[in-house]
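Visitor: Build the 3D model from these lines:
(one chain, ligands or ions: 1)
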Amino acid sequence: MSRILIVEDEVAIADLEKDYLELSGFEVEIENDGRSGLERALNEEFDLFILDLMLPEVDGFEICHQIREKKNTPILMVSAKKDDIDKIRGLGLGADDYVTKPFSPSELVARVKAHLARYERLIGSNSPENDIIEIRGIRIDKTARRVWINGEEKQFTTKEFDLLTFLAENPNHVFTKDELFREIWDMESIGDIATVTVHIKKIREKIEMNTNKPQYIETIWGVGYRFKL
Ligand code: CA
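Guide: The predicted structure follows:
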């Protein structure tokens, strides 16, 4: 969840911004004076800052300037005066966007989302997309270890998940029960190839419409199993 810091001395405005941003799923913190805002901005992890310009103790110009010396986190500056916005631009403090009061909260939310998305693309290498396998209605998120069958999430145990994922990653390949056991269970595991049979049965109960006529994991009699592509 993205975390946002609002530094704003007008409590009603800060609360309004917070309400709208929280409704959109953001975690929001508020500081009402410049000094504590600056301190938290520099010492805590946030994904975006919303800075009012005119603040007690330390103003938005100074906060913006100090954040930029240390961080690339997106900054939205808010001001009551259009002239101030021209001034911020002129100073080249490195703010990412400027909003004039009064603004519509939904516009603020839209801008916040746009800047977060842009920033996430920028630092994309640090937060790679999840590794997803999709085959005929089955969606396996390997990173989050979650599985959906035709859009409905199903719960799998660790070994069921590993076995399903292994088969789905190697479709049209027939594996013997021995091979699957060695692949999914380590050598010290208690159990034998019957464990594989039991797990396949449980997986089928979750993914197949009709377990007697499996559409995904086929039994190759006398050999083993194959994930049908
Ligand atoms: Ca103010």
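Visitor: State the next helix or strand along the chain beyond the longest helix seen in the chain.
Guide: Ranked by number of residues, the top helix in the chain under DSSP state H is helix 105-122. Note on helix 105-122: by DSSP states H and E, the next helix or strand toward the C-terminus is strand 132-135.
Visitor: Adjacent strands (with direction) for that following strand?
Guide: strand 138-141 (antiparallel) (DSSP bridges).
Visitor: Contacts made by the strand it pairs with with the rest, please.
Guide: The contact list for strand 138-141, computed with C-beta atoms under 8 Å, 6 or more residues apart in numbering, reads 130-134, 146-149, 164-165, 168, 207, 216. Every residue, glycine included, has its C-beta placed from N, CA and C.
Visitor: Now find how far off-centre whatever helix or strand comes next after that strand is within its chain.
Guide: Reading on from strand 138-141 to the C-terminus, the next helix or strand found by DSSP H and E is strand 146-149. Taking C-alpha atoms, centre = their mean, to the nearest Å, one finds strand 146-149 lying 17 Å from the centre of the chain it belongs to.
Visitor: returning to what we had before: name the member of the contacts of strand 138-141 with the most neighbours.
Guide: Counting neighbours by other C-beta atoms under 10 Å, L164 leads the contacts of strand 138-141 with 27 neighbours.
Visitor: In space, what's closest to that one - neighbours in sequence excluded?
Guide: Residue nearest to L164 in three dimensions, not counting chain neighbours: I203, with 5.2 Å by C-beta to C-beta, 6 or more residues apart in numbering.
Visitor: tally of neighbours for the one you found?
Guide: Quick note: I203 (other C-beta under 10 Å) scores 25 neighbours.
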